[in-house]
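Novice: A structural model of the following input is requested.
(one chain, ligands or ions: 2)
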Amino acid sequence: MSAAASAQAGAQFGVAGLGVMGAALALNISDHGFKVVGWDRDAKHVDEVNQKHGRPELQALASLESFVASLERPRRILLMVTAGAAVDQMLERLFPLLSPGDVVMDAGNSWFQDTRRREELCKSKGFRFLGVGVSGGEEGARHGPSIMPGGPTEAYALVRPVLEAIAARTDEGLCVTHVGPDGAGHFVKMVHNGIEYADMQLLAETYDVLRRGLGLSADALADLFSKWNEGIAESFLLETTIKVLRKKDAQTGQPLVDLVLDKAGQKGTGKWTVQVALDLGVPVPSIAASLDARVLSSMKDERVAASRKLKGPSETLSAEEKAQLAQWAHDALYAARVVTYAQGMRLIQAASQEYKWNISLAEMARIWRGGCIIRAKLLTPLRESFTRQPDLPNLLVSDAFAPVLEKMAPAWRKLVGVATKVGIPVPVFSASLAYLDSYRSAELPQNLTQAQRDAFGAHTYQRRDKPEAGFVHTDWNS
Ligand SMILES: NC(=O)C1=CN([C@@H]2O[C@H](COP(=O)(O)OP(=O)(O)OC[C@H]3O[C@@H](n4cnc5c(N)ncnc54)[C@H](OP(=O)(O)O)[C@@H]3O)[C@@H](O)[C@H]2O)C=CC1
Ligand SMILES: O=C(CO)[C@H](O)[C@H](O)COP(=O)(O)O
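Specialist: Ligands and ions are numbered 1, 2, ... in the order given. This next block holds a predicted model:
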């Protein structure tokens, strides 16, 4: 054993992958009195942890063999590497070094079906595997993330003291719980990110309507949003928006946000959320619209060319509309946000039924209340709703939210109406409102759709007046 490894012999926890999140988690774990050993394939990351963050409880090693050998058994190893092939490569490298009963956690944003496969693979070799969703970015990982572990309960029991020590805490409890078996943790983290996409897009649309509609500067918007953040709309993402709007460019003195190119990237979790929602037959139009908004934003050159050819409406906002716009935007933001969380919860509920995960939606709301990117005040009534009625079919019909939506919908409709009138795109505000209107409609026009299907493809239909007849077909040509 190398000198470095022996110095850390008897380490209680290992973190493999010392990038942004891995280094922050390793420091957080060592803050809580655990003896931690780290590893990274890049010597730069190893040196950085040892030199910049040098402390007796944390040592980074460049040798994977020494890293594994330095851990007490059963070993507890957290992988924090790029999601995808890197996780499989790490497992292949670790397998020859591990002992039966060791626990490997994948804490990246992995595709939940990969997690299910990896757990089976590890089990077949006598190892334990957990798919662990982590949210909160670098700051959260460093000082208290929200943690969503999924996998075998006996594996969770072995890592629980560490995860509970490092997780965020709120007055509703620790922001970690065992989500469920196999891919449940990564599934919940994926949906968390889908909600994140939709909420971010709602904030972008709010910003756009107010800056274009009222001509508000970044500072004026930050002032307005700061007031909102003291009330029911309070959220981490709103707080982040305020921080971004206030930041000045060091070179020009201008608001930095005005200098940021309007192209949003994505790493895949939002896309997966929409794909799996389609597979499970759960409508998530707000999340899908936010994904499309990022994709459309990335087509900058095409949009610039199109803007020269496709002119928008010449109408402008009236003085009365301008006077009310900020209040409409506030109510619309809150109500549309409720709808996006409702879609996400419904998706988790559907997956939990499909895969028999037995996920508690109330517990998910509780562990999202602190540490994570989608933490928001509305999660408290959301948790209470699912605590009172665990099988609530949709948050929109809960006693906590139905009256709020009723109260705020008129302002929301006004916002979508005026934005549409002057040609400001509000895809998530509109998609969320259409979802609400569809969900609350006892009658939808799909009688026509079904009749069309039968008319051109003999796909049959059911009669309202004769339900006992089952599926029937008509010759629509005669
Ligand atoms: N950043 C964030 O806010 C959040 C990120 N995540 C997820 O956490 C994971 C890590 O993200 P983050 O820390 O931001 O990313 P970084 O790019 O900072 O770190 C990725 C780490 O993975 C290592 N790595 C990549 N490929 C391999 C491989 N084939 N074998 C071994 N190591 C490899 C990198 O090593 P090297 O430097 O040598 O390339 C690096 O140490 C991702 O799944 C991400 O989606 C989750 C929540 C929040
Ligand atoms: O998981 C996260 C937060 O919860 C990461 O920040 C993730 O990278 C965000 O997704 P994307 O990069 O697609 O915007």
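Novice: For burial, what's the neighbour tally of the closest residue to Arg211 other than its chain neighbours?
Specialist: Using C-beta to C-beta, 6 or more residues apart in numbering and skipping the chain neighbours, the partner closest in space to Arg211 is Leu221 (6.5 Å). Every residue, glycine included, has its C-beta placed from N, CA and C. Leu221 has 22 neighbours, counted by other C-beta atoms under 10 Å.
Novice: quick one: contacts of the helix or strand encompassing Leu221?
Specialist: Using DSSP states H and E, the element containing Leu221 is helix 218-228. Here helix 218-228 makes contact (C-beta atoms under 8 Å, 6 or more residues apart in numbering) with 207, 210-211, 216, 234, 238, 241-242, 245-246, 255, 257-258, 326, 330, 333.
Novice: Could you count how many residues lie near the closest residue to ligand 1 within the stretch 1-150 of the chain?
Specialist: Closest to ligand 1 within the stretch 1-150 of the chain is Gly19: 2.0 Å, counting by C-beta to the nearest ligand atom. Using other C-beta under 10 Å, Gly19 is surrounded by 15 other residues.
Novice: in the stretch 1-150 of the chain, which spans are helices?
Specialist: Counting by DSSP state H, counting those that start in this stretch, the stretch 1-150 of the chain has these helices, from start to end: 3-7, 20-31, 43-52, 64-69, 85-94, 112-124, 137-143.
Novice: Same check on the stretch 201-350 of the chain?
Specialist: Ranges of helices in the stretch 201-350 of the chain, per DSSP H, counting those that start in this stretch, are 218-228, 236-246, 269-280, 285-298, 300-309, 319-355.
Novice: Just the buried residues of the longest one, please?
Specialist: Buried residues in helix 319-355, defined by neighbour count with 16 or more other C-beta atoms under 10 Å: 321, 325-326, 328-352, 355.
Novice: Distance check, the residue in the stretch 251-400 of the chain positioned nearest to ligand 1 against Tyr197.
Specialist: Residue of the stretch 251-400 of the chain nearest ligand 1, by C-beta to the nearest ligand atom: Lys267 (5.8 Å). From Lys267 over to Tyr197 the distance is 11 Å, taken as C-beta to C-beta, to the nearest Å.
Novice: Ser352 too?
Specialist: 21 Å.
Novice: cool, and Ala336?
Specialist: 13 Å.
Novice: Ok, Phe386 next?
Specialist: 22 Å.
Novice: what about the two, which has more around it?
Specialist: Tyr197 (27 against 22).
Novice: does the more buried one belong to a helix or a strand, and which?
Specialist: helix 184-214.
Novice: can you give me the helices for the stretch 351-478 of the chain?
Specialist: 361-367, 379-388, 402-422, 427-439, 446-457.
Novice: re the thing from before, make a PyMOL selection of the buried ones in the contacts of helix 218-228.
Specialist: To isolate the buried ones among the contacts of helix 218-228 in PyMOL, judged by 16+ other C-beta under 10 Å, type:
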select buried, resi 207+210+211+216+238+241+242+245+246+255+257+326+330+333
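Novice: Of the contacts of helix 218-228, which are in range of ligand 1?
Specialist: Among the contacts of helix 218-228, no residue is within reach of ligand 1 (C-beta under 6 Å from any ligand atom).
Novice: For the contacts of helix 218-228, work out which two are farthest apart.
Specialist: Across those, no pair lies farther apart than Glu234 and Asp258, at 25.6 Å, counting by C-beta to C-beta.
Novice: does Lys414 really touch Gln327, like I thought?
Specialist: No - using C-beta atoms under 8 Å, Lys414 is not in contact with Gln327, being 9.3 Å away.
Novice: what's the residue closest to the geometric middle of this structure?
Specialist: Nearest residue to the geometric centre of the chain (C-alpha atoms, centre = their mean): Asn193, 1.5 Å.
Novice: so who does Ala335 touch?
Specialist: 404-405, 408-409, 411-412, 432, 436.
Novice: oh sorry, the question was meant for Gly253
Specialist: Here Gly253 is in contact with no residues (criterion: C-beta under 8 Å, 6+ apart).
Novice: when you give positions from now on, start the count at 539
Specialist: Yep, numbering from 539; the last one is Gly791 now.
Novice: residue in the stretch 539-688 of the chain nearest to ligand 2?
Specialist: Ser673 (4.2 Å).
Novice: wait, isn't that residue in contact with Ile905?
Specialist: No - applying C-beta under 8 Å as the test, Ser673 and Ile905 come out as separate, 9.4 Å apart.
Novice: Of those two, which one has the most company?
Specialist: Neighbour count, other C-beta under 10 Å: between Ser673 and Ile905, Ile905 has more, with 30 against 26.
Novice: contacting residues around the residue of the stretch 539-688 of the chain closest to ligand 1?
Specialist: Counting by C-beta under 8 Å, 6+ apart, Gly557 has contacts 578, 583, 618-620.
Novice: And Ser936, by the same measure?
Specialist: 923, 927, 930.
Novice: same thing but at 6 Å, please
Specialist: 923, 930 (C-beta atoms under 6 Å, 6 or more residues apart in numbering).
Novice: Please apply the same query to Ala900.
Specialist: Here Ala900 is in contact with 921, 924-925 (C-beta under 6 Å, 6+ apart).
Novice: Go again with 10 Å.
Specialist: 883, 920-928, 930 (C-beta atoms under 10 Å, 6 or more residues apart in numbering).
Novice: Just the pLDDT for it.
Specialist: Confidence at Ala900, expressed as pLDDT, is 98.
Novice: and the residue nearest to Glu677 when sequence neighbours are not counted, how far is that from Val625?
Specialist: Sequence neighbours aside, Ala562 is the residue nearest to Glu677 in space, at 7.8 Å (criterion: C-beta to C-beta, 6+ apart). Counting by C-beta to C-beta, the separation of Ala562 from Val625 is 19 Å.
Novice: Next: Asp580.
Specialist: 17 Å.
Novice: Neighbour count for the two, which is higher?
Specialist: Ranked by neighbour count (other C-beta under 10 Å), Asp580 and Val625 place Val625 first, with 23 against 12.
Novice: Spatially, what comes nearest to that one if we skip its sequence neighbours?
Specialist: Asp644 (5.3 Å).
Novice: do the same with Gln927
Specialist: The nearest residue in space to Gln927 (C-beta to C-beta, 6+ apart) is Ser936, at 7.3 Å.
Novice: If I look at the one you found, what pLDDT would I see?
Specialist: Taking Ser936 on its own, its pLDDT is 98.
Novice: contacting residues around the residue lying closest to the residue of the stretch 789-938 of the chain closest to ligand 1 once chain neighbours are set aside?
Specialist: The shortest distance from Lys805 to any non-neighbouring residue, by C-beta to C-beta, 6+ apart, is to Asn647 (6.9 Å). Neighbouring residues of Asn647 by C-beta under 10 Å, 6+ apart: 559, 620-622, 671-673, 724, 727-728, 730-731, 805-807, 810.
Novice: and if we set it to 7 Å?
Specialist: Listed by C-beta atoms under 7 Å, 6 or more residues apart in numbering, the contact set of Asn647 reads 621, 727, 731, 805, 807.
Novice: got a winner among those for most neighbours?
Specialist: Most surrounded of these: other C-beta under 10 Å gives Lys727, at 28 neighbours.
Novice: thought it was touching Gly674?
Specialist: No - Lys727 is beyond contact range of Gly674, at 11.3 Å (criterion: C-beta atoms under 7 Å).
Novice: what domains does the record give for the chain?
Specialist: The record, using automatic domain parsing to delimit domains, assigns the chain the ranges 541-720, 727-977, 986-1016.
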